[in-house]
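>>> Pasting a predicted model and its sequence here:
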Amino acid sequence: MITLYRRDEQAWNYREAWHDEAAGEFVIHHGVLGANGKLTSEKAAAEEAEQLLESFIAQCRADGYTEPPAESQIQLRLLYPLKGETPSASEERNIGAVHRDVLAILAWRGLGLLSDPVIEAHDGGHASVMQITTLHQGKAREAVKAAMRGGDVPASKIELRVG
């Protein structure tokens, strides 16, 4: 998947594309950062997908879309504190649910990347940590809150921190 951004006077816009091998489709997702984007797809074999991706990149570049500058990217840490050094079965389920829910809402709104959960030392104990890389801290925070409201895991079970 390739994701490119353009900053205009009012907001960040994004365009991303990928080849869905299972469906045999070339998919384009685009919109304003923080709002649900639009999705289009067309049938494409793997051989065609490479050429379509190159054309997509060329068109994006012509329209002013680029990779976001490093100084514009913000890192957030989504923590699920654990009761022990490793997650229990119920904690594993909750971590998986949080990851799926947050990943989906970030993706649909073009808000950035979410890493897979990793166990780290945290406040004298351990936590499952997922790293969010985004261009808009406020909208990413709101998206995480929305994901938690719509999910099965209580928001009180997670922490969201900068850095």
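Happy to help now that I have it.
>>> Could you use CA atoms for every contact and neighbour count after this?
OK.
>>> quick one: contacts for the residue positioned nearest the centre of the chain?
Central residue of the chain (CA atoms, centre = their mean): L113, 3.4 Å from the mean position. By CA atoms under 8 Å, 6 or more residues apart in numbering, the residues touching L113 are 103, 106-107, 131-134.
>>> and if you look at Q75?
Counted by CA under 8 Å, 6+ apart, Q75 has contacts 131-134, 162-163.
>>> for it, phi and psi?
phi -100, psi 130 (degrees, to the nearest 10).
>>> beta partners of it?
With DSSP bridges as the criterion, Q75 is bridged to T133.
>>> gap between the helix or strand containing A140 and the chain center?
Taking DSSP states H and E as the definition, A140 sits inside helix 137-150. Distance, stretch centre to chain centre, for helix 137-150: 12 Å (CA atoms, centre = their mean, to the nearest Å).
>>> residues of it that come out buried?
Applying a neighbour-count criterion of 16 or more other CA atoms under 10 Å, one finds 137, 139-141, 143-144, 147-148 buried in helix 137-150.
>>> Which other helices and strands does the longest helix along the chain contact?
Longest helix in the chain by number of residues (criterion: DSSP state H): helix 89-108. Packing contacts for helix 89-108, counted by 3 or more CA pairs under 8 Å, 6 or more residues apart in numbering; DSSP states H and E, involve strand 113-114, helix 137-150.
>>> got a list of contacts for the longest one?
Pointing back at helix 137-150 there. 34, 74, 76, 98, 101-102, 105-106, 111, 134, 154-155, 160.
>>> rerun at 10 Å
33-35, 73-76, 78, 97-106, 109-112, 132-134, 151, 153-158, 160-162 (CA atoms under 10 Å, 6 or more residues apart in numbering).
>>> Can you give the domain ranges for this protein?
Domain ranges of the chain: 2-62, 73-162, per automatic domain parsing.
>>> Include mean pLDDT when you put those into TSV, please.
Formatted as TSV, the domains of the chain follow (pLDDT from 0 to 100):
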stretch	mean pLDDT
domain 2-62	94
domain 73-162	95
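>>> so S156, which of the three states?
Secondary structure assignment for S156 (DSSP: H, G, I helix; E, B strand; the rest coil): helix.
>>> Equivalent analysis for A22, please.
A22 is classified as coil under three-state DSSP.
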